[in-house]
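Participant: could you look at this predicted model? Sequence included:
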Amino acid sequence: MRKVGKETYLGWYADMLFWRKFEDRCAALYIQQKIRGFLHLYSGQEAILAGALHAMDLAQDRMITAYRNHVQPMGMGVDPKRVMAELMGRVTGTSKGFGGSMHIFSKAHRFYGGHGIVGGQIPLGAGIAFADKYFGRQAVTLCFMGDGAVRQGSFHETLNMAMNWKLPVVFVCENNHYAMGTSVARTASQTDIYKLGLGCGMPSAPVDGMNPIRVAESVYEAIERARRGGGPSFLEAKAYRYRGHSMSDAQTYRTKGEVAEYKKIDPITQVLQIIQERGYASEKQIDAIRDQVAEQVAACVEFAEESAFPPADLLYREVYEQADYPFVDQID
């Protein structure tokens, strides 16, 4: 794994702060009805993505996740302006405004969504890994899911199949304690989610999802095992989301005190503390990072608001590969 030092910590702080502020701005835009539909924010879970990206080979590895998927493509190299444009339904978005919040996608950057069906991405992640093994490529796929998704039958079926075929995939459950509004304890006889992988003999382990170093170490080990032909792994990254399941969530299932306790171990604060303790940056430099983040977020919003909405005929041109598809001729 690449060395974790000054540059890594400063990069983590800048990235994680940007992701947090980006999501905060999305929440405000949703209230203003500039973002419509559903909106699921990643606030609090940033260390999982930061650590995973550090462990990956971004020149070849792949990623797929569920609908809490705004910041992951940015980490994979997608322009954040295009992500914001997609959220606001603009033609300059990653899916030309047709995908929206739950369906960010970039083939060029090996990010395969954003999926609105709970657990729907799990077999797809295995399928991507199957293709890489079939064609003899060295890429490894990271397949993320929430704690609610592991209740789906497709989860168990996919882990069994991936293990049988020794697919180069790392399954990561982002356990933020609540599947929508129901705690893991109320839905699971086995609350140590990582143990679900042990039933099919898959290397499985828990990891501190609030600490990017712990995530990076665990993900790197799993990726290298897969790259050597050792097959898949299953990790349970225990984290916490500071906002509701979606913007429409009243959060009646938890107390403000519980949220406040988890904010004491905010992953961004943890990274900042190490930067300060080790003298990696002065307060002036840290303020400069914050200012740059604010400017970047503002630039994303400006780009999106200045972009046009997609024309109606683009819907048919983008959906149908066959240019003379009969339905297109019957529009009028």
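Facilitator: Thanks, I have it. The structure displayed is predicted, hence computed values, not measured ones.

Participant: hmm, who's touching stretch 128-137?
Facilitator: Contacts to stretch 128-137, defined as C-beta atoms under 8 Å, 6 or more residues apart in numbering, come from residues 60, 62, 64, 112, 138-141, 143, 162, 165-169, 226, 232. Yep, even glycine has a C-beta here, placed from its N, CA and C like the rest.

Participant: element containing residue 125?
Facilitator: For residue 125, the element it lies in under DSSP states H and E is helix 121-134.

Participant: quick one: that helix to chain centroid distance?
Facilitator: Averaging C-alpha positions (C-alpha atoms, centre = their mean, to the nearest Å) puts helix 121-134 17 Å from its chain's average.

Participant: which SSE is immediately downstream of that helix?
Facilitator: Counting by DSSP H and E, what follows helix 121-134 is strand 141-146.

Participant: from residue 246, how far off is residue 117?
Facilitator: Separation of residue 117 from residue 246 (C-beta to C-beta, to the nearest Å) stands at 15 Å.

Participant: who does residue 182 bridge with?
Facilitator: As for beta bridges, residue 182 partners with residue 179 under DSSP bridges.

Participant: thinking again about what came up before, average pLDDT for the helix holding residue 125?
Facilitator: The average pLDDT for helix 121-134 rounds to 98.

Participant: just the CA coordinates for it, please, in CSV.
Facilitator: Extracted as CSV, the C-alpha positions of helix 121-134 are listed here (Å, rounded to 0.1, in the frame of the first residue of the first chain):
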residue,chain,number,x,y,z
GLN,A,121,-25.7,-3.5,-7.5
ILE,A,122,-24.4,-6.6,-5.6
PRO,A,123,-24.8,-9.2,-8.4
LEU,A,124,-23.7,-6.5,-10.9
GLY,A,125,-20.5,-6.0,-9.0
ALA,A,126,-19.8,-9.7,-9.3
GLY,A,127,-20.6,-9.6,-13.0
ILE,A,128,-18.1,-6.8,-13.6
ALA,A,129,-15.5,-8.9,-11.7
PHE,A,130,-16.4,-12.0,-13.7
ALA,A,131,-15.8,-10.1,-17.0
ASP,A,132,-12.3,-9.0,-15.8
LYS,A,133,-11.4,-12.6,-14.8
TYR,A,134,-12.8,-14.0,-18.1
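
Participant: okay, how far is it across stretch 190-204, tip to tip?
Facilitator: Using C-alpha to C-alpha, to the nearest Å, the span of stretch 190-204 from its first residue to its last is 14 Å.
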